[in-house]
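1. Give me the fold of what follows.
(chains A and B)
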Amino acid sequence: MGGRKVVIDYPSPNTAKQMHVGHLRPIVIGEAVARLIEFCGADLVRDNHIGDWGTNFGILILAIRRAGFQLDAKSPTALEDLERLYKEGSAATKADPVLMDAARAELAKLQSGDPANTALWKEIVEVSNAACQRIYDQFGLKTDVILGESFYRDKVDQVYAELAKHKLAEESEGALVVWHDEEPRFSRDAETKMPFIVRKKDGSSNYASTDLATLLYRAEHFKADEIVYVTDGRQQDHFHQLFLTGGKWFKASGRKLPRLRHVWFGTILGEDGKAIKTKSGEPVRLQELIDQAEKLAFEAVTSKNPDLPESERKAIGKAIGVAAMRYADLSSNRTMDYTFSWTKLLAFEGNTAPYLMYAVVRVRSIFRKSGLAVGQGEEGATDPETPAEIALARKLLAFTAALDQALEELRPHHLCTYLHELAAAYGTFYAADSVIVDDPAVKARRLMLCSRTCAVMETGLRLLGIEPVERM
RNA sequence: CACCCCGUAGCUCAAUUGGAUAGAGCAUCCGCCUUCUAAGCGGACGGUUACAGGUUCGAUUCCUGUCGGGGUGGCCA
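-> The predicted structure is shown next:
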């Protein structure tokens, strides 16, 4: 992957909504996948493709108008207000087809440049982005560019024109659609038709239009050799159609198609076994989850290490709290659905981030007590001898294999499994063989094992997005 | 009805892509802090891999069917 230009699309939330637990996965998985790709030497562009141009804006604008609401971007409750209005609008348009048409009309006005709707839209996006950024900061997520759907509003006409010119798209029930007859379910002969609708019957763009425009932009502007889309698994059909359409379009127009990968993940389910949705019920807010995680981690470090200064305990609480949530999500295969659970996401014992971070802490503590920097004191080291030393040395050698496995299909859980095994091997070694001993050769080789463990653990943890701590 | 995920220990999940006796964590039980941080270490308990066939020297993995859960299916993303 060295030197390849890769664009990764994440976490790409929809705007005007507060982040809830459902937003955890694209952030956490996207970040880990991005770091894995970057670690292999790829020239990576992190593109946050926010949903800021869809029908939801029509619904939201309509709801704001109907409620006579005055949006104040400075108000601390601005986002909550928008979310409440969106829910009202969503329910209203669902119940009444006339209102749904009105919402579509508001969207069409926005998309055709209506000044009032554009001004309102800008404010909404501003409020939303500021709120998202506060969450990203806590997850250490940094995007290179935010090119949402709206960025492509003047680039979709070229898509329509080219698809029509190459006879890839055709009119159907007033919309512009692309059929893929080679795939039975996307074919025009399918029992239930599932065309790739690139332009709606009212002339406005949708997900497909902007995604095609985005594909072209990434290929031409970023010169992408590869594009990685990190989204949930419910969008598999969409990406399948997007990739098929992109392939035919680029071939017909003599362009080189980047490698396209859909790195999808399973859904976080509610207690009822159904996907967590903003519409039904009240999902746990992501900020609430973070706060709770940090609080519990702070309490844990305070009880275990009360002598540390409060500022350091606070910092450790922040690091461990978010790390625990992150690891809980990353440690199982991303294609699996899982049911939301406070206790699972906030566990600090067993196969968890704190356990892995603890291994690093114990290594660093040994070096601190020895008055050495990590990596020093290895002169005169002999080969591993005890069973625990040998097992640890062997496990250290398996790092690259684990990395390869995680990279193969961009599945971070393979790295998690490995790091847990390494931490366990270190735990056994730590209990069985003292490092600070009189025999200089034994001490040197054990210090060497410690520093190697530290290096591999820290590298692996950072790839997962977890920042190791000195003490805990 | 069609297509896509999934079904593994009481619970949550792995299993190097078809390899040897299916492994971890949690929970439960029994040990271990007077030497480097016990968020730890050692041990016990726990399985007809949903079910039925098939391919193979060998199947949790591949194929067919059945059952069960979730998702998607013309103008959301």
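
2. Isn't A:N206 up against A:W53?
-> No: with contact defined as Cβ atoms under 8 Å, A:N206 and A:W53 do not form a contacting pair (9.1 Å). C-beta coordinates here come from the backbone N, C-alpha and C atoms, glycine included.

3. Which one's more surrounded, the two?
-> Neighbour comparison, A:N206 and A:W53: the larger count goes to A:W53, with 26 against 18 (by other Cβ atoms under 10 Å).

4. where are the low-confidence patches of the stretch 151-300 of chain A?
-> Within the stretch 151-300 of chain A, the ranges that satisfy pLDDT under 70 run A:277-281.

5. Next to RNA strand B in this structure, residues from it, please.
-> If contact is defined as Cβ under 7 Å from any atom of the strand, the residues of the stretch 151-300 of chain A in contact with RNA strand B are A:172-175, A:177, A:184-185, A:190-195, A:197, A:200-202, A:206-207, A:233-238, A:266-267, A:269, A:273-275, A:297, A:300.

6. partner strands of the helix or strand harbouring A:E171, parallel or antiparallel?
-> In the assignment (DSSP states H and E), A:E171 maps to strand A:169-172. When pairing is defined by DSSP bridges, strand A:169-172 lines up against strand A:175-178 (antiparallel).

7. Now the element after the strand it pairs with, going C-ward?
-> Beyond strand A:175-178 on the C-terminal side, the first helix or strand identified by DSSP H and E is strand A:196-199.

8. returning to what we had before: who's in contact with the strand holding A:E171?
-> Under the contact criterion Cβ atoms under 8 Å, 6 or more residues apart in numbering, strand A:169-172 has outside partners A:Y160, A:L163, A:A164, A:L176, A:V177, A:V178, A:W179, A:P195, A:V198.

9. can you name the two of those that are farthest apart?
-> Spatially, the most separated pair among the contacts of strand A:169-172 is A:Y160 and A:W179, at 15.8 Å (Cβ to Cβ).

10. Just want to know which of those two has more residues nearby.
-> Neighbours per residue, other Cβ under 10 Å: of A:Y160 and A:W179, the larger number sits with A:W179, 22 against 18.

11. With adjacent residues omitted, what lies nearest to that one?
-> Spatially, and ignoring its direct neighbours in sequence, A:W179 is nearest to A:R188 (4.5 Å; Cβ to Cβ, 6 or more residues apart in numbering).

12. can you pull the contacts of that neighbour?
-> By Cβ under 8 Å, 6+ apart, the contact list for A:R188 reads A:W179, A:D181, A:P195.

13. what's the closest non-adjacent residue to A:R362?
-> A:Y430 (6.0 Å).

14. Backbone dihedrals for the one you found, please?
-> phi -60, psi -40 (degrees, to the nearest 10).

15. separation between it and RNA strand B?
-> Taken as Cβ to the nearest atom of the strand, to the nearest Å, the spacing of A:Y430 relative to RNA strand B amounts to 5 Å.

16. can you count the residues close to that residue?
-> Using other Cβ under 10 Å, A:Y430 has 20 other residues around it.

17. Also A:I8?
-> Applying other Cβ under 10 Å, we find 28 other residues in the vicinity of A:I8.

18. Near the closest residue to it other than its chain neighbours, how many residues? Count them for me, please.
-> With Cβ to Cβ, 6+ apart as the measure, A:V228 is the residue that lies nearest to A:I8, at 4.5 Å, once sequence neighbours are left out. When neighbours are defined as other Cβ under 10 Å, A:V228 has 24 of them.

19. Check which helix or strand the residue lying closest to A:Q235 once chain neighbours are set aside maps to.
-> Using Cβ to Cβ, 6+ apart and skipping the chain neighbours, the partner closest in space to A:Q235 is A:W264 (6.9 Å). Secondary-structure assignment from DSSP H and E places A:W264 in strand A:259-265.

20. for that strand, packing partners?
-> With contacts defined as 3 or more Cβ pairs under 8 Å, 6 or more residues apart in numbering; DSSP states H and E, the packing partners of strand A:259-265 are helix A:24-39, strand A:226-232, helix A:236-252.

21. do that again at 6 Å, thanks
-> Taking 3 or more Cβ pairs under 6 Å, 6 or more residues apart in numbering; DSSP states H and E as contact, the helices and strands that strand A:259-265 lies on are helix A:24-39, strand A:226-232.

22. Show me how chain A divides into domains.
-> Segmentation of chain A into domains, based on automatic domain parsing, reads A:5-161+A:199-269, A:286-464.

23. In a markdown table, list those domains along with distance to A:M472.
-> Conversion of these to a markdown table gives the following (distance: least, Cβ to Cβ, whole Å):
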| stretch | distance to A:M472 |
| --- | --- |
| domain A:5-161+A:199-269 | 18 |
| domain A:286-464 | 5 |
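
24. What values do phi and psi take at A:I124?
-> According to degrees, to the nearest 10, the main-chain angles of A:I124 amount to phi -60, psi -50.

25. Much appreciated, bye for now.
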